[in-house]
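Asker: Okay, here's the prediction I keep looking at, along with the sequence it came from:
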Amino acid sequence: MRNIDEDTITQAVLASMSGCSNPRLHTIMTSLVQHLHAFARDVKLTEAEWFKAIQFLTDVGHITDDKRQEFVLLSDTLGLSMLVTTQNNRKPPSCTETTVLGPFYVEDAPEFNNGDDLSRGAPGALCFVRGNVRGVNGEAIAGASMDVWQSDEDGFYDVQKTTAALDELVHSARGRLRTQADGSFHFRSILAEAYPIPYDGPVGKMLDALGRHPWRPAHLHFWIEAPGYERLITHVFRDGDQYLDSDSVFGVRSSLIVEWVKHEAGIAPDGSAQNAPFYTLDYDFVLNPAGGAV
């Protein structure tokens, strides 16, 4: 490997990986090296630019912790997350579409029963959410696990509003419940509002330099799993939001846009009397069977 120059460096790096015993890793790294080298040649990358890129990635790592995933934000804002999600979740047209997970999913969210209030005091207008989880043939899926999470009306998720460790955090606007025997679900939460992704770090600086905004349209996250069916990770977006056509992470799909219906003060769907206006959201999810058709 002596006297390697800019014309021979790529093949030298590829040859150095010939002893890799993992075929998939070898395929990925071969393609990665080829594309990275081609990129550097294409833009005639300078040393100063490369050092700046290294510093950017270093900054992304430094700001990342158990509650803030800057690398996910970077992937999301470059469209890579949505690309990987889309190419790995091809489903029949009748199935609910998948979209990005986002950086604020938390494992082991608190458990709730149907009808409970998942907001736990998070600020926002009251919203009643209900729907069904079914298979492609219309069959009700009982006992499906549903993780639900969202930001509050100030644009913050629970994990952004405290310095407590995740295992000490009292979660709000987040929870897990299961569908009932007929596949239905219902719970109380708060109205979804548009919010900016965290932009006080390196990804925010990148967006600003590119002339892009950090805003996401109002949405509610769902992660649904049931035995015998493919996992579904998706959002339901609020119709009429000004950022539906410029989502900073490219996650909007027309089939996921729904009206949050406003109601004046009165009797709510759960029979309670409400002294202020409230909203309702109705949405049915359709899961693809495991190993099902695409």
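Answerer: It's in.
Asker: And the pLDDT for Ser254?
Answerer: For Ser254, the model assigns a pLDDT of 97.
Asker: can you count the residues close to it?
Answerer: By other C-beta atoms under 10 Å, the residues close to Ser254 number 8. Using the backbone N, CA and C atoms, a C-beta is placed for each residue, glycine as well.
Asker: How about Arg130?
Answerer: Residues lying near Arg130 (other C-beta under 10 Å) number 17.
Asker: what's the distance between it and Ala48?
Answerer: Distance from Arg130 to Ala48, counting by C-beta to C-beta, to the nearest Å: 56 Å.
Asker: Repeat that for Asp270.
Answerer: For Asp270, the distance to Ala48 - C-beta to C-beta - is 61 Å.
Asker: So these two - more neighbours on which side?
Answerer: Remark: of Asp270 and Ala48, Asp270 carries more neighbours, 13 against 8, as counted by other C-beta under 10 Å.
Asker: Just to be sure, that one is in a strand?
Answerer: No - per DSSP: H, G, I helix; E, B strand; the rest coil, Asp270 lies outside any strand segment and is coil.
Asker: Give me the phi and psi for the residue lying closest to it once chain neighbours are set aside.
Answerer: Nearest residue to Asp270, sequence neighbours excluded (C-beta to C-beta, 6 or more residues apart in numbering): Gly115, at 6.3 Å. Per-residue torsions, Gly115: phi 90, psi -10 (degrees, to the nearest 10).
Asker: What of Gly135?
Answerer: phi -90, psi 180.
Asker: How many residues are close by it?
Answerer: Neighbour tally, Gly135, other C-beta under 10 Å: 19.
Asker: wait, isn't it in contact with Tyr229?
Answerer: Yes - when contacts are counted by C-beta atoms under 8 Å, Gly135 is listed as touching Tyr229 (6.7 Å).
Asker: any shared contact partners between these two?
Answerer: 141, 287, 289 (C-beta atoms under 8 Å, 6 or more residues apart in numbering).
Asker: Just the closest of these to Leu83, please.
Answerer: Leu287 (22.6 Å; C-beta to C-beta).
Asker: and the closest one, what is it in contact with?
Answerer: The neighbours of Leu287, taking C-beta under 8 Å, 6+ apart as the test, are 95-96, 133-136, 141, 144, 224, 226, 229-230, 232.
Asker: Strands - which of those land there?
Answerer: Those of the contacts of Leu287 mapping onto strands are 133-135, 224, 232, per DSSP state E.
Asker: So which of these wins on neighbours?
Answerer: Ranking the ones in strands among the contacts of Leu287 using other C-beta under 10 Å puts Val133 first, with 28 neighbours.
Asker: Now do the same for it: its pLDDT.
Answerer: Per-residue confidence (pLDDT) for Val133: 98.
Asker: switch to numbering from 262
Answerer: All set: I'll call the first residue 262, so the last point we hit is now Val394.
Asker: Next up, the contacts around it.
Answerer: Taking C-beta under 8 Å, 6+ apart, one finds 401-402, 405, 407, 440, 444, 446, 485, 487, 545-548 in contact with Val394.
Asker: Tell me the one of those nearest Phe539?
Answerer: Of all those, Phe539 sits closest to Phe446, with 18.2 Å by C-beta to C-beta.
Asker: any idea how far Gly436 is from that closest one?
Answerer: 12 Å.
Asker: same question, Trp484
Answerer: 11 Å.
Asker: Overlap of the contact sets of the two?
Answerer: Looking at what touches both Trp484 and Gly436 (by C-beta under 8 Å, 6+ apart), the common residues are Asp408.
Asker: Which pLDDT value goes with the nearest residue to Gly444 once chain neighbours are set aside?
Answerer: Take Gly444 and drop its neighbours on the chain: the residue closest to it by C-beta to C-beta, 6+ apart is Ala401, 3.1 Å away. Ala401 carries a pLDDT value of 98.
Asker: can I assume Ala401 is in contact with Gly392?
Answerer: No - using C-beta under 8 Å, Ala401 is not in contact with Gly392; the gap is 11.8 Å.
Asker: which other residues reach stretch 459-467?
Answerer: With C-beta under 8 Å, 6+ apart, stretch 459-467 has contacts from 317, 320-321, 324, 329, 331, 334-335, 338, 421, 458, 468-469, 475.
Asker: Check which element follows whichever helix in the chain runs longest along the chain.
Answerer: Ranked by residue count and defined by DSSP state H, the top helix of the chain is helix 284-304. The C-terminal neighbour of helix 284-304 among helices and strands, as given by DSSP states H and E, is helix 308-324.
Asker: List the buried residues of that next one.
Answerer: Buried positions in helix 308-324, judged by neighbour count with 16 or more other C-beta atoms under 10 Å: 321, 324.
Asker: Thank you kindly, that will do.
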